[in-house]
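In: take this sequence and fold it.
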Amino acid sequence: MKKEDFCCIGMFVNSGAKTKLIRYSPHSKDYMFILHDDPDGDYLELDYCPWCGTKLPDSLDEKWCKIVKEKFGYDNVFAEEWAKLPEEFKTDAWWKKRGL
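Out: Now for the predicted structure:
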């Protein structure tokens, strides 16, 4: 994780290895609060930073899924499909390349 992926120092610090309260998915621009007590390891998607109140970017998950389906024919992406995807689609490169 890079500091510039986060809106404030509070969010950056709380995404670190010691506290690990926040998860960021670069490929979809999703910020999530980790539900530690949840046995399924679920997350709560964040629309605003809990520390500074900044509006976080809209998720690109639906656009990513649409492009992956059109380009590779995957309706769902599980571990096997993920392993076959080009690195571009596992990072923020795909949406940066498209100006999203």
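In: quickly note the distance from the most far-flung residue of the chain relative to its centre to I67.
Out: Distance from the C-alpha centroid of the chain peaks at G73, with 21.7 Å (CA atoms, centre = their mean). Using CB to CB, to the nearest Å, we find G73 at a distance of 12 Å from I67. The way it works is simple: take the backbone N, C-alpha and C, and place the C-beta from them, glycine included.
In: max-length helix in the protein?
Out: In the chain, with assignment by DSSP state H, the single longest helix is helix 61-72.
In: give the rounded mean pLDDT of that one.
Out: Computed over helix 61-72, the mean pLDDT rounds to 93.
In: against which helices or strands is it packed?
Out: Applying 3 or more CB pairs under 8 Å, 6 or more residues apart in numbering; DSSP states H and E, one finds that helix 61-72 contacts helix 93-97.
In: buried stuff in the helix it packs on?
Out: Buried residues in helix 93-97, counting neighbours by 16 or more other CB atoms under 10 Å, are found at W94, W95.
In: the strands in this protein, which residues?
Out: Under the criterion DSSP state E, the chain contains strands at 22-25, 30-34, 43-45.
In: contacting residues for W64?
Out: H27, S28, F89, W94, W95 (CB atoms under 8 Å, 6 or more residues apart in numbering).
In: one more time with 6 Å
Out: Applying CB atoms under 6 Å, 6 or more residues apart in numbering to W64 gives the contacts S28.
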